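Engineer: Sequence and computational prediction follow.
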Amino acid sequence: MGFSLQVLESPEQLTEFYNSVLAPSFPPTELVDLEEFVESCNNDYLHVIGAVKDDEIIAGAVGTTPTQEGVMLLLYLALQPGLRGSGVGGALLDYSIKAWRELFNPTIVMAEVEHPTYHAPSEEHGDPAKRLRFYARHGGKILDIPYFQPSIREGEPPVPALMLVTLWVAPETYVGENLIAAWPLRAALRRELVEACDPEFAPSLRVEESVAGDSVRLFEPDELDQVPVGFID
C-alpha cells in the first residue's frame, strides 16, 4: 500500500484526521472532543504524524510533547476502519518513534493500552490482546503501575484497567535489567494524573505509591498476570 508519512498541522488536516480516523476508533470516554484536540495541537501540547494516501488521511499517531522530565505519551495510534493488519500501523509507529526521538530527545515514550483481561474486543474499537501483541513486536514492555485513565471529559467516568507500555526508553534511564528510574514517571504522573483527581482518590494514590521508589519494573507482555491492575473503587 503506497502512502506517505507527514506531520499534520493545519486545522483542516487535524479535523479530517479526527473525524475520519480518531472518532471511529475510540469510545467517547477515551477521546477528547474535536475543539480541544485541535487547540492542543495548535498549542504544541500534541504532535500528530499522519499516513496519507491519495490526499486522504488514513491513519495517525498522536503524541504528547515531552514533559520537562522528557516523558512522552503516544496518546492515540489509529487507522481508518478496515486497515488493521495492512502494515500501515507498524510503519507509522516506527516512523513516529524515530521522528519524536530526533525532534524531542525524550527520556521515555509510552502508550496507554487496555488490559485484555478486563476489556473485551470489539469490531468497532479493536482487540486489546492483539494491540498488546502489536506493541510487543515493536519492543513494548509493561510498566509496574496500576494505571487508569482519569476522566478526560466533564461528566465522563475514569477508564479502569489500562496499562502503560514503554516504546522507547533512553539507555541512561535504565538502572538495572528491566528496571528504569522512577523519577521521570513520578513527576509526570503526579502532574498529569494524580493532580487531576480528588486528593483522596484511592486509585490515583496507588499510582503515586507505585512510582515512589527509586525504580520501576518493566514486565514482558507474557508476564501480564503479574501486572497490577488500575481498578476504580
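Structural biologist: Cool, the structure landed.
Engineer: what sits against Leu73?
Structural biologist: Listed by CB atoms under 8 Å, 6 or more residues apart in numbering, the contact set of Leu73 reads Gly63, Thr64, Val109, Met110, Ala111, Glu112. Using the backbone N, CA and C atoms, a C-beta is placed for each residue, glycine as well.
Engineer: Gln149: which of those residues is nearest?
Structural biologist: Nearest to Gln149 out of the contacts of Leu73 is Glu112 (CB to CB; 6.4 Å).
Engineer: List the residues that contact the closest one.
Structural biologist: Contacts of Glu112 (CB under 8 Å, 6+ apart): Leu73, Leu74, Leu75, Tyr147, Gln149, Leu162, Met163, Leu164, Val165.
Engineer: Pretty sure the last one sits against Met110.
Structural biologist: In other words, Val165. Yes: under the contact definition of CB atoms under 8 Å, Val165 touches Met110, with a separation of 6.1 Å.
Engineer: Find residues that contact each of the two.
Structural biologist: Any residue near both Val165 and Met110 by CB under 8 Å, 6+ apart counts here, and that gives Leu143.
Engineer: who touches the closest residue to Trp168 other than its chain neighbours in this structure?
Structural biologist: Excluding its sequence neighbours, the residue lying closest to Trp168 (CB to CB, 6 or more residues apart in numbering) is Val109, at 4.0 Å. Counting by CB under 8 Å, 6+ apart, Val109 makes contact with Gly63, Met72, Leu73, Leu74, Ile97, Trp100, Arg101, Thr166, Leu167, Trp168, Val169.
Engineer: Let's see which of the contacts of Leu73 end up in strands.
Structural biologist: Gly63, Thr64, Val109, Met110, Ala111, Glu112 (DSSP state E).
Engineer: From those, pick the one nearest Gly90.
Structural biologist: Nearest to Gly90 among those is Ala111, at 13.6 Å by CB to CB.
Engineer: domain ranges for the protein?
Structural biologist: Following automatic domain parsing, one gets these domains for the chain: 1-88, 107-233.
Engineer: Quick one: residues contacting Phe3.
Structural biologist: Counted by CB under 8 Å, 6+ apart, Phe3 has contacts Ala51, Val52, Lys53, Ile58, Ala59, Val88.
Engineer: Enumerate the residue intervals of this structure where per-residue confidence is below the cut-off.
Structural biologist: 1 (pLDDT under 70).
Engineer: hey, which helix is longest across it?
Structural biologist: Longest helix in the chain by number of residues (criterion: DSSP state H): helix 88-104.
Engineer: which secondary structure elements does it contact?
Structural biologist: strand 4-7, strand 46-53, strand 56-64, strand 71-79, strand 108-114, helix 128-137, strand 162-169 (3 or more CB pairs under 8 Å, 6 or more residues apart in numbering; DSSP states H and E).
Engineer: and the fourth one with strand 162-169, angle?
Structural biologist: I take that to be strand 71-79. 110 degrees (axes from the mean of the first three to the mean of the last three CA atoms, to 10 degrees).
Engineer: Many thanks, we can stop here.
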